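Colleague: Below is the sequence, then the predicted model.
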Amino acid sequence: MKTTRLWVFLIAYACAVALFSSSASWGIAPEDAASAIYGATSGNYDSTGSFENNVSKPITSSNTPMYTLDGRKSFNAQLTCPSTSSFLEISVIPSATGDLSATVRQDTNFDGILDYVYSPPFNLSGVCSNGVVSCDSGTWLNCKYYLWTAGGNFQTTLQPASITELGGCYCVNQSCGASYSDYSNVLKDIGGGAAGAIQKVDARFAITDAKIAGGTISYYGQDSAGCATTTSTSSSGLQAFYTNQDNSGLTIASDSEILNQMKDTSSAYYNVKQSFDNSSSGVFAASCNIKRVITIKTETYSVTGSSPSPGSLCVDHYLYARIFENGFDYHLQIVDTGPGNEPHNGCDSGGGGIDGWHTLEVITLPKKASFLYFCVNGSGCSPGPSICVSIAGAQTAVLTCGDSGTQSPSYNYSYDLQYKEDFIVESIDDKCVTLAADADCKLRKETIDGVIIYSNFNPTGKTSSNTCQTFTGVESHDICREWWTDTKEYLCYGQKTDFDFSEVRERGKVVLTSSMQAGSMLSYDDYRKDGSGGYSTSKEAMKLYDSASYDNCVKVCKIRAPKTDTQAGMSGTTADYRTGTSGYDVFYKKCSNGLCPLDTVAGEELLADCACPDDFAEAASIMSALEEASKDILCSSSGGW
């Protein structure tokens, strides 16, 4: 049961932390966040019933989902124990005299089938917390007492007992003035006794829920012997831990579990243990990475040349030059035209080249040219400067012969064709050399391109895949490699360091003792080390934000509710020594928004309105009265007074 309580606490705490974290991320004030948490959780966890419905049942039953604090999402939070729809049902039927006949149905092996039925062969005149009383119908005469018991097969029965073995008994038939329109409380008492008998035999059985429909109460539960977290080789291991008087079995099991946990470097125990060990040995974490570096270097190459000797060409007016590009072939060309740009006007030699152009030279490059330079210098007719063509396909007049008729000027040419080429340079930038070589550093985690291949000092069995990256120079290059970035985390054991917090404590003392609040401002003296290594005190101040006011207690109201008191004991029932069986139960309820949740339908009456009660004086008076009453009791060996 302690384990269940721990799970309940952890789940409730995690829910509250999750809500607080999300509230903090909204940027709201802390007091508003706290109020939001209280508003979301107070109705879900502040009473036995709400806590049972929202926490206990979901973690112990597969039929009850757990909900988020806002109630919007549900999920299965059941612990890994087999559950059942109903393992115990008890029905009662009242007779005309108020006596009851009862029937017990039970699922003894948690297979979902009620395989055992027991009907007591006598009427029930009274009910106790752990048994029943059977008397002559409608009377409190010739009474016999029975105790709930269960055997090794978990089958519940009522066995004869003495009244001293029973507790909390009360009368339910007409002899004591009992009158019930609702047998819910009676069913709870009968069922509680039967369920308690089962748990007494086998402590592994856990009650998760109880529901009443008409005259039947149904109990839901689970056999914790089937929990997956149980490491005992025996199915009765948990029960043995509960029933054995010595702790030897528990000690052996815990020692064994510690060894198993220490072998598993991903277990919570291992990591917490390592954390405590590391805190006293100067351990520190260090990270590094290894990167594959790709560099694209671009080189520029030139192909240059000139005419081997001056050339001559028949021209009637204009001489043009161009660079004709054909793939990686670059044709250096000229052509003669007439005044109207008619090719070879008056000259019958023709071009002999592409499109009738004269090809002077063809330059072949390994790559597409990045720069073109072609210069032609002519003489022998109207003089003019050298003209250079730098764009492939463009044509430019390089010479003009103004006189009529054909002429034969001479010319020279030169060229410079450039192209660029990429070179891929690959290297490894290893920043982990020092840590990897340090014998005091252990690899704790390794991640390659986002894939964790090493975790908690052990390989994960995962591998990184071949990936490609694109690099751009003159051209685009897709380069594929097995890995690109290898990130490693090491745990290194250095020399133990004894930290000295005396200066911090002294500073805190000065700040605390000098703090003074005036309105929304807080002034204080600060005590800090200066540049020379000495200490100096400075006056500081800070603005305080308004803080909300809160009640110093959870306000409750005091109420009373009517009840029928038919308690029974060795001396008889309440009706035998009181004029009536009517009475009241007095209890407290938590107020909501300053109002007392009074149930007037159930006859509840308000005794004290919402307040912060202090009933110590009343409690002390009651205890004093009980003490004085005990002094008036005289017991003798004969059992008399």
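Modeller: Cool, got the structure.
Colleague: tell me the phi and psi of the residue lying closest to L141 once chain neighbours are set aside?
Modeller: Of all residues beyond its chain neighbours, the one nearest L141 is C135 (5.8 Å), with distances taken as Cβ to Cβ, 6 or more residues apart in numbering. Every residue, glycine included, has its C-beta placed from N, CA and C. Torsion angles at C135 (phi, psi; degrees, to the nearest 10) stand at phi -120, psi 180.
Colleague: ok, C135 touching N142?
Modeller: Yes. The pair C135 and N142 qualifies as a contact (Cβ atoms under 8 Å) at a distance of 6.1 Å.
Colleague: who's more crowded, the two?
Modeller: Neighbour count, other Cβ atoms under 10 Å: between C135 and N142, C135 has more, with 23 against 9.
Colleague: so who does the more buried one touch?
Modeller: Taking Cβ atoms under 8 Å, 6 or more residues apart in numbering, we find C135 in contact with 99, 125-126, 141-144, 173, 175.
Colleague: Just the buried ones from these?
Modeller: Taking 16 or more other Cβ atoms under 10 Å as the criterion, what is buried in the contacts of C135 is 99, 125-126, 143, 173, 175.
Colleague: how close does the residue nearest to L141 sit to L417?
Modeller: Note on C135: its distance to L417, by Cβ to Cβ, to the nearest Å, is 124 Å.
Colleague: So what pairs up with S312 in the strands?
Modeller: S410 (DSSP bridges).
Colleague: what does Y220 give?
Modeller: Assigned bridge partners for Y220, using DSSP bridges, are D209.
Colleague: got a list of what G43 touches?
Modeller: By Cβ under 8 Å, 6+ apart, the contact list for G43 reads S50.
Colleague: And it, how far from D565?
Modeller: Note on G43: its distance to D565, by Cβ to Cβ, is 33 Å.
Colleague: Next: I252.
Modeller: Remark: distance between I252 and D565 (Cβ to Cβ) = 52 Å.
Colleague: more crowded one of those two?
Modeller: D565 (19 against 10).
Colleague: In this structure the more buried one contacts S582, no?
Modeller: Yes. Between D565 and S582 there is a contact at 7.3 Å, judged by Cβ under 8 Å.
Colleague: Need the CA coordinates for stretch 200-213. CSV is fine.
Modeller: Only the C-alpha atoms of stretch 200-213 are listed here, as CSV (Å, rounded to 0.1, in the frame of the first residue of the first chain):
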residue,chain,number,x,y,z
LYS,A,200,-6.4,-10.3,6.3
VAL,A,201,-5.8,-13.7,4.6
ASP,A,202,-3.9,-12.3,1.7
ALA,A,203,-2.6,-8.7,2.0
ARG,A,204,-1.9,-8.6,-1.8
PHE,A,205,-5.6,-7.9,-2.5
ALA,A,206,-6.3,-4.2,-3.0
ILE,A,207,-9.8,-2.6,-2.9
THR,A,208,-10.1,0.0,-5.7
ASP,A,209,-13.7,0.9,-5.6
ALA,A,210,-17.1,0.2,-4.1
LYS,A,211,-20.5,0.9,-5.7
ILE,A,212,-24.0,0.5,-4.3
ALA,A,213,-27.0,-0.2,-6.5
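Colleague: starting at the chain centroid, how far to it?
Modeller: Stretch 200-213 has its C-alpha centroid displaced from the chain centroid by 32 Å (Cα atoms, centre = their mean, to the nearest Å).
Colleague: Also stretch 442-458?
Modeller: Distance of stretch 442-458 from the chain centroid (Cα atoms, centre = their mean) equals 21 Å.
Colleague: Check stretch 158-173 too.
Modeller: The answer for stretch 158-173 is 51 Å, by Cα atoms, centre = their mean.
Colleague: which of the residues in that stretch are buried?
Modeller: The neighbour-count check on stretch 158-173 (16+ other Cβ under 10 Å) flags 158, 161, 163, 166, 169-173 as buried.
Colleague: Closest one to H344 out of those residues, please.
Modeller: L158 (132.2 Å; Cβ to Cβ).
Colleague: what is the mean pLDDT for stretch 200-212?
Modeller: For stretch 200-212, mean pLDDT is 75.
Colleague: Stretch 513-529 now?
Modeller: The model assigns stretch 513-529 a mean pLDDT of 87.
Colleague: and what of stretch 564-584?
Modeller: 71.
Colleague: now stretch 119-132
Modeller: The model assigns stretch 119-132 a mean pLDDT of 93.
Colleague: how about the CA coordinates for that stretch, as CSV?
Modeller: Output in CSV follows, covering the C-alpha atoms of stretch 119-132 (Å, rounded to 0.1, in the frame of the first residue of the first chain):
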residue,chain,number,x,y,z
SER,A,119,-25.9,-17.3,2.0
PRO,A,120,-25.8,-17.2,5.8
PRO,A,121,-28.4,-19.7,7.2
PHE,A,122,-29.6,-17.1,9.7
ASN,A,123,-31.1,-13.6,9.7
LEU,A,124,-29.0,-10.5,10.5
SER,A,125,-30.4,-8.5,13.4
GLY,A,126,-27.3,-6.4,13.9
VAL,A,127,-24.3,-5.4,11.9
CYS,A,128,-20.7,-5.0,13.2
SER,A,129,-17.5,-3.6,11.6
ASN,A,130,-16.2,-7.2,11.3
GLY,A,131,-19.2,-9.4,11.7
VAL,A,132,-22.9,-9.7,12.4
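Colleague: Could you tell me how far that stretch lies from the centre of the chain?
Modeller: Relative to its parent chain, stretch 119-132 has a centroid offset of 50 Å by Cα atoms, centre = their mean.
Colleague: now do stretch 584-604
Modeller: Its chain's C-alpha centre and that of stretch 584-604 lie 39 Å apart, by Cα atoms, centre = their mean.
Colleague: Okay, buried residues for that stretch please.
Modeller: 589, 591, 596, 604.
Colleague: same question, stretch 355-364
Modeller: Within stretch 355-364, judged by 16+ other Cβ under 10 Å, the buried ones are 357-358, 360, 363.
Colleague: likewise stretch 533-551?
Modeller: Of the residues in stretch 533-551, none count as buried by neighbour count, 16+ other Cβ under 10 Å.
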